[in-house]
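A.B. asks: Sequence and predicted model, in that order:
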Amino acid sequence: MELKAVLGPVARGFNAGVMALTKAPWIGPKVARSLTEITYVGRRSGRTISTPVSFRRAGDEITIAVALPDQKSWWRNFLGAGGPISLRLDGAERSGHAVARRDDKGRVSVTVRLNEVD
């Protein structure tokens, strides 16, 4: 059996458990300050994909530092001009535009500029 076939279900289960923490009554609000689920459309597959990420927020700008970027592919959807993304902040679904950048040390960050709230 291929390793990826085993790790996929394990990762999905882990991600679901992590996101459940954000909804827990006693720890949820603390966890949700730095953890959210992003949703985007895959550039090649056209599928809607959701994954949990940790983030930092400064006003209407969200920064996601991608840990182990060479082992992940989701951030590549936002290279170049970037693309649309949505995430849950303060209990509300927010949309924005995300752009991924790799620095000279190989670190990757995705910057999300949130759209104005209607």
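C.D. replies: Ah, there it is. Being a predicted model, the structure only gives us computed values, none of them experimental. Numbers count the residues shown, from 1 in each chain.

A.B. asks: alpha carbons only for contacts and neighbour counts from here, please
C.D. replies: Noted.

A.B. asks: which stretches of the protein form helices?
C.D. replies: 3-21, 28-32 (DSSP state H).

A.B. asks: Distance from stretch 83-91 to the middle of the chain?
C.D. replies: Put simply, stretch 83-91 sits 9 Å off its chain's centre (C-alpha atoms, centre = their mean, to the nearest Å).

A.B. asks: Report the buried residues of it.
C.D. replies: By neighbour count with 16 or more other C-alpha atoms under 10 Å, stretch 83-91 contains the buried residues 83-87, 89.

A.B. asks: Format the residues you listed as a markdown table; extra columns: pLDDT and distance to residue 71.
C.D. replies: Below are those laid out as a markdown table (pLDDT from 0 to 100; distance: C-alpha to C-alpha, whole Å):
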| residue | pLDDT | distance to residue 71 |
| --- | --- | --- |
| 83 | 97 | 21 |
| 84 | 97 | 22 |
| 85 | 98 | 21 |
| 86 | 96 | 23 |
| 87 | 94 | 22 |
| 89 | 86 | 26 |
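
A.B. asks: Report the residue spans of this protein with pLDDT below the cut-off.
C.D. replies: 1-33, 118 (pLDDT under 70).

A.B. asks: Pull the longest strand along it out as PDB, backbone CA atoms only.
C.D. replies: Assignment by DSSP state E gives strand 92-102 as the longest strand of the chain. The C-alpha trace of strand 92-102 is given here as PDB (Å, rounded to 0.1, in the frame of the first residue of the first chain):
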ATOM      1  CA  ALA A  92     -18.100  34.700  10.500                       C
ATOM      2  CA  GLU A  93     -17.100  33.500   7.100                       C
ATOM      3  CA  ARG A  94     -14.800  36.100   5.400                       C
ATOM      4  CA  SER A  95     -13.500  36.200   1.900                       C
ATOM      5  CA  GLY A  96     -10.300  37.700   0.600                       C
ATOM      6  CA  HIS A  97      -7.400  37.600  -1.900                       C
ATOM      7  CA  ALA A  98      -4.400  35.400  -1.000                       C
ATOM      8  CA  VAL A  99      -0.800  35.700  -2.400                       C
ATOM      9  CA  ALA A 100       1.900  33.200  -1.600                       C
ATOM     10  CA  ARG A 101       5.600  34.100  -1.500                       C
ATOM     11  CA  ARG A 102       8.800  32.100  -0.800                       C
END
